[in-house]
Every structure is written in C-alpha cells, then in structure tokens.
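Q: here are the coordinates; sequence isn't available:
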C-alpha cells in the first residue's frame, strides 16, 4: 500500500508501510466471486495481474511465487519499497513479476490489459486526479472479462475516525520529524483517552475509536491517520464514479457483507421495500452498520452478472470449511439435527444426512479445499449403505443448496484453485521456499493460502530447518545445537532449563506440536 507524494518527499521512503499478503485480493478470490455471479473470469493459473500501489511486494510477490504460469506487474512511487521488492524477487529467482518505480498516472495503453487489477489501501489516500486515474486504469487496462478490486474508506463509519484524524494532525503538524509526529499523535491519543468521560455519548464513542488507534503500530498510525490526504467516500458515490468510467459493481470481496440476512427480519423486509436496486440496498446497509471500509469488485458494464443465486451456481468450485460438529461425534441419521460450529463460535445446523457427512469431510480435510465429486464421494462413503450419496440429481442439488447456505453464512469458502500444501506431517517435513525465505528475515511468514502468520522464536528456528532434508531425529539434533549455541532457550517457572533429559522432553514436545500447527496452518508442502 503506497500513495502519491510530492517529488521532494515520499513518506513511504522514510517509513515503509509493512507490506503483507491480503487473501481478499488474491485472483482466486476475485475469480470465485465472478464465477459465482455467472461471469467467465480468466483462470488464475494463466492470467495477468496488475497491482496499483504494491509497496515492497508483500501481496504480489507470493502470488507470483504460487502461480508461475501467470504474469504479475506492480507499481509504486516509493523507490525504497520498490528496491526492497526487487531484492526479494531476485533472491527467490522469480521471472514472472515486475515491480515498477512509477506513478499510477504513468500507466497507459502500452502496459497492456490485465485480467485482475488490484488496488488495496490506496484510493482514499491519494489526490483526486490519482483517484480518477485508478478507476480509468481499472476500466481501460482491464481485460473484457476482467475483475478490478479497489478498497477505500467509507462514510458513515469514517466520520468519527476522521474527527480523530483531524485532532491528531492538528497536534502533530507542529513537528517536522516523522518519528516526533507519531510520538506526539500517540501522546494526544493517550491524553484524550485519559481525559474524556465515557459517561456520555460523545465520550463512549471517542473512547472506542481511541482504543482502536492505540493498538496499531507506528507505520499504520502514520500512513492511515497522519498522511496529508485521506478522503473517505460513501459507497454510492464510489459506484457513481466507477460508472462514469464504464465499470459496474459486481460484489464485495467479503461476500457475506452483501446480504441482508444478518439483520432482523423486519429490518431485512424494510430494506427490500425501500431499495429498488443493489446499490441502494448496500448503501442503506452501510448506514445500519456504520461501515468504514469496503473492498469492492468491479467489472465492465456490458457484462450481466446473475444476481439470483441457486444450487446450480455452486457447480465447478472447490469447497473448504473449518466447521466441526458441536458434539463429540456427528449424528448422520436422517431427520436428526446436527450442529456444526465455526471457529468463532457460531453454530449452524442441518438434518440432511448428505450435508452432515459432507461437512464432517470438509472439517477433516481443513484447510484443504475439495472438488465437488470427491466431496460427494467422501460423504457417501461416510454414510455407508444408507441409500444416500448414490448420485441422484435431486440429492446433489439439495447438497449444493445447503453448501450455498453455508457460504452465505460465511461458514464455507469457494475456490477455483488451491496451492500445493499438505495437512500431514511427513517423514521429512518442509515448508515452501518463500516461507523459509521469510523465516530467515523476520517473525512473519506466508502460508499456502496467502495468509500471513506470526512465528515465535522456536517456530521461526524450526521453519528455517524445514527444507525437506531432515527427519524428526535430525531436526531434534539441529535444534539442540541451536540451544547449545544460545540461539534458543527454554524456561520452566522462570528458570532456564539446562538438564539434558528435561531439555530433550521439551524439545520433542515443542517440535511435534509446532509441526502439527504448521500442518493445520497450510505451511507444509509435499
């Protein structure tokens, strides 16, 4: 994420924005939503992708690594961040990605067309002419069946945050040095948090936003709250601007936010009565939710998305779900309701045996995604000779309808593709080359689902060793060497563990638990 600055000063050179992967921007997510609505997006394994404001490539480079048959182009105005990207690309030996030190304003027809255009965390932080150019590029450089992703700050949610931003800028603008500005902005936040009473409406609202700001690191605070430009917009206004460029609204990257089903019945009914189209419905929902950020997918306005979703829309996808039975063992009997719990605690239930068996199978394979035919066969195998899972069209349609409801409830993922990874710890485990590379450079690494995760010291040291050349015994030997060299240390009740037998027990337990965690986190590859 990077923005346009004056030629004399680029704050992203002074304080780089931490560049991370965003799963919501991955071509697979964009392709899945486009296909769900009946469009024909390019296959992610053979596509062209452009990222506007790519920073040091933390989002784009892992995509290029995972999809060697596709081409990736990034552009950013921060020379320092572009140089960081070039170093990573060179170290990984990638040939299918270019990161350009240029302005978004420099992009023209000579850059060619792209199947997917990504602009994450840029639009709200650039001047009007650059905002206009972002949408122009999203139209003029977008392939006929392409999908553009643009994220931006929205009203009404940003009204409160904008007020705090003005307060922080008013105070911090007295100081020239970036570090001093950040420190003084934090000092003001602390002052306000400790001085404003939470007994009134203003105080309670302010306190909630102040708590949110205090959690952010310096680079986030500065670039998201103290930059010269930060212009939120209402959703309907953004769509009007996109329409002027020949683009139309397709979806939100988080599909569940598009639905009225999360509201009480009376609210959902009223929304339907007062909203003649999807744009007005979405805008009213923003009012109800006090929404402050959107991740919008756009396509050319000559395409015709199919908004009425049914079971047939679910054909051709890969399915993944972390749902687990809310009982010790799932009851697959006909007519018996079985609950399935999401990781965050919400429970959904069904009494259809095939759906129950399919959800058990998905949970057992999580985080891998399964093809429909394989999932259907797995569900049938679990049901045995019950008569279910024998291939009838009606039965298949019922299963797909239930899977659609799971997707609507945010309990199921749809994919058109998945990267190589295994959920089993092999004899000689290894992580991907890009994850191993990142482990040598910090505590954050990317998994095969385009998600960033933080590693503790032990997990980081283990990750560096997981190149597929060592079995469990050799891994333990290498870890013991790191302990002896003082690179790793273990404590019990505050005291360092030095006794060999105790240390060996701790190492063995830590190794096995961490390898299982890596397997559950899509970090291990074949």
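A: Sure, I can see it. All values reported here derive from a predicted model rather than from experimental measurement.
Q: thought residue 31 was touching residue 40?
A: No. Between residue 31 and residue 40 there is no contact under Cβ atoms under 8 Å: 9.7 Å. For the C-beta atoms, the positions are set from N, CA and C on the backbone; glycine is no exception.
Q: and residue 142, what does it touch?
A: Residues in contact with residue 142 (Cβ atoms under 8 Å, 6 or more residues apart in numbering) are 113, 114, 117, 148, 247, 299, 300.
Q: Give me the buried subset of these.
A: Neighbour-count burial (16 or more other Cβ atoms under 10 Å) applied to the contacts of residue 142 gives 114, 117, 148, 247, 299, 300.
Q: want to try a markdown table for the contacts of residue 142, with secondary structure as columns?
A: Listed next are the contacts of residue 142 as a markdown table, based on DSSP: H, G, I helix; E, B strand; the rest coil:
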| residue | secondary structure |
| --- | --- |
| 113 | coil |
| 114 | strand |
| 117 | strand |
| 148 | strand |
| 247 | strand |
| 299 | strand |
| 300 | strand |
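Q: Of the residues you listed, which is the nearest to residue 258?
A: Lowest distance from residue 258 to the contacts of residue 142 (Cβ to Cβ) belongs to residue 299, with 15.0 Å.
Q: of all the contacts of residue 142, which comes closest to residue 380?
A: Checking the contacts of residue 142 one by one against residue 380 (Cβ to Cβ), the nearest turns out to be residue 299, at 37.4 Å.
Q: neighbour-wise, which of residue 31 and residue 40 wins?
A: residue 31 (24 against 10; other Cβ atoms under 10 Å).
Q: Show the pLDDT at that one.
A: Listed pLDDT for residue 31 reads 99.
Q: Identify the residues contacting it.
A: 41, 42, 43, 44, 116, 147, 416, 417 are the contacts of residue 31 under Cβ under 8 Å, 6+ apart.
Q: count of neighbours near residue 390?
A: Counted with other Cβ under 10 Å, residues neighbouring residue 390 total 12.
Q: Residue 441 now?
A: By the measure other Cβ under 10 Å, the count of residues near residue 441 is 11.
Q: what about it, which SS state?
A: Strictly by three-state DSSP, residue 441 counts as coil.
Q: cool, and residue 251?
A: Using three-state DSSP, the structure places residue 251 in strand.
Q: Go through the longest helix seen in the chain and flag the buried ones.
A: Looking across the chain with DSSP state H, the single longest helix is helix 500-520. The neighbour-count check on helix 500-520 (16+ other Cβ under 10 Å) flags 503, 506, 507, 510, 511, 514, 515, 518, 519 as buried.
Q: Name the residues that touch that helix?
A: Contacts of helix 500-520 (Cβ under 8 Å, 6+ apart): 366-367, 422-425, 429, 431, 458-459, 462-463, 466, 472, 475-476, 479-480, 483, 490, 492, 497, 524.
Q: TSV for the buried ones among the contacts of residue 142, including pLDDT?
A: Below are the buried ones among the contacts of residue 142 laid out as TSV (pLDDT from 0 to 100):
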residue	pLDDT
114	99
117	99
148	99
247	99
299	99
300	99
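Q: Now for these: which two are most distant?
A: Farthest pair in those (Cβ to Cβ) is 114 and 247. Separation: 13.8 Å.
Q: now, which of the buried ones among the contacts of residue 142 sits nearest residue 97?
A: Of all the buried ones among the contacts of residue 142, residue 114 has the smallest distance to residue 97: 13.1 Å, by Cβ to Cβ.
Q: returning to that earlier point: would you show me how to pick out the buried ones of the contacts of helix 500-520 in PyMOL?
A: Remark: buried members of the contacts of helix 500-520, expressed as a PyMOL selection using 16+ other Cβ under 10 Å:
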select buried, resi 366+367+422+423+425+429+431+458+459+462+463+466+475+476+479+483+497+524
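Q: Kindly provide the distance from residue 479 to residue 437.
A: From residue 479 over to residue 437 the distance is 20 Å, taken as Cβ to Cβ, to the nearest Å.
Q: which of the contacts of residue 31 are buried?
A: Buried, going by 16+ other Cβ under 10 Å: 41, 42, 44, 116, 147, 416, 417, out of the contacts of residue 31.
Q: Mind checking which of those are in strands?
A: Counted as lying in strands by DSSP state E, out of the buried ones among the contacts of residue 31, are 116, 147.
Q: Please identify which of the buried ones among the contacts of residue 31 is nearest to residue 162.
A: residue 147 (29.8 Å).
Q: Kindly state the pLDDT recorded for that closest one?
A: pLDDT recorded at residue 147 is 99.
Q: Please name the residues that touch it.
A: 30-31, 33-34, 39, 41, 115-117, 250, 297-299.
Q: What of residue 37?
A: 250, 251, 305, 306, 307, 309, 313.
Q: can you rerun that using 6 Å?
A: Applying Cβ atoms under 6 Å, 6 or more residues apart in numbering, one finds that residue 37 lies in contact with 305, 306.
Q: Distance of the residue nearest to residue 184 when sequence neighbours are not counted relative to residue 214?
A: Nearest in space to residue 184, with sequence neighbours left out and distances taken as Cβ to Cβ, 6 or more residues apart in numbering, is residue 172 at 5.1 Å. Separation of residue 172 from residue 214 (Cβ to Cβ): 15 Å.
Q: again, but for residue 34
A: Going from residue 34 to residue 214 by Cβ to Cβ gives 39 Å.
Q: continuing past the least confident helix or strand in the chain by mean pLDDT, what's the next helix or strand?
A: Using mean pLDDT, DSSP states H and E, the weakest-scoring helix or strand in the chain turns out to be helix 11-14, at a mean of 68. Next along the chain after helix 11-14, taking DSSP states H and E as the criterion, comes helix 27-36.
Q: Quick check: next helix or strand after that following helix?
A: Following helix 27-36 toward the C-terminus (DSSP H and E): strand 48-52.
Q: tell me what that following strand is packed against?
A: Strand 48-52 sits against strand 71-76, strand 114-119, with contacts defined as 3 or more Cβ pairs under 6 Å, 6 or more residues apart in numbering; DSSP states H and E.
Q: Which residues does the last one contact?
A: Translated: strand 114-119. By Cβ under 6 Å, 6+ apart, the residues outside strand 114-119 that reach it are 25, 27, 30, 42, 47-52, 134, 138, 141-143, 146-150.
Q: And the next helix or strand past it?
A: Criterion used, DSSP H and E; the element after strand 114-119 is helix 128-140.
Q: farthest pair in the contacts of residue 31?
A: Top of the distance list for the contacts of residue 31 (Cβ to Cβ): 147 and 417, 14.6 Å.
Q: Give me the distance between the two termini of stretch 331-351.
A: This stretch, stretch 331-351, spans 9 Å end to end (Cα to Cα, to the nearest Å).
Q: Please enumerate the strands of the stretch 101-250 of the chain.
A: With DSSP state E, counting those that start in this stretch as the criterion, the stretch 101-250 of the chain has strands at 114-119, 142-153, 247-252.
Q: Can I get these in TSV including distance to residue 184?
A: Converted to TSV, the strands of the stretch 101-250 of the chain look like this (distance: least, Cβ to Cβ, whole Å):
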stretch	distance to residue 184
strand 114-119	31
strand 142-153	23
strand 247-252	36
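Q: Of the ones you listed, which stretch is the most buried?
A: Neighbour counts (mean count of other Cβ atoms under 10 Å) averaged over each of the strands of the stretch 101-250 of the chain peak at strand 114-119, with a mean of 26.
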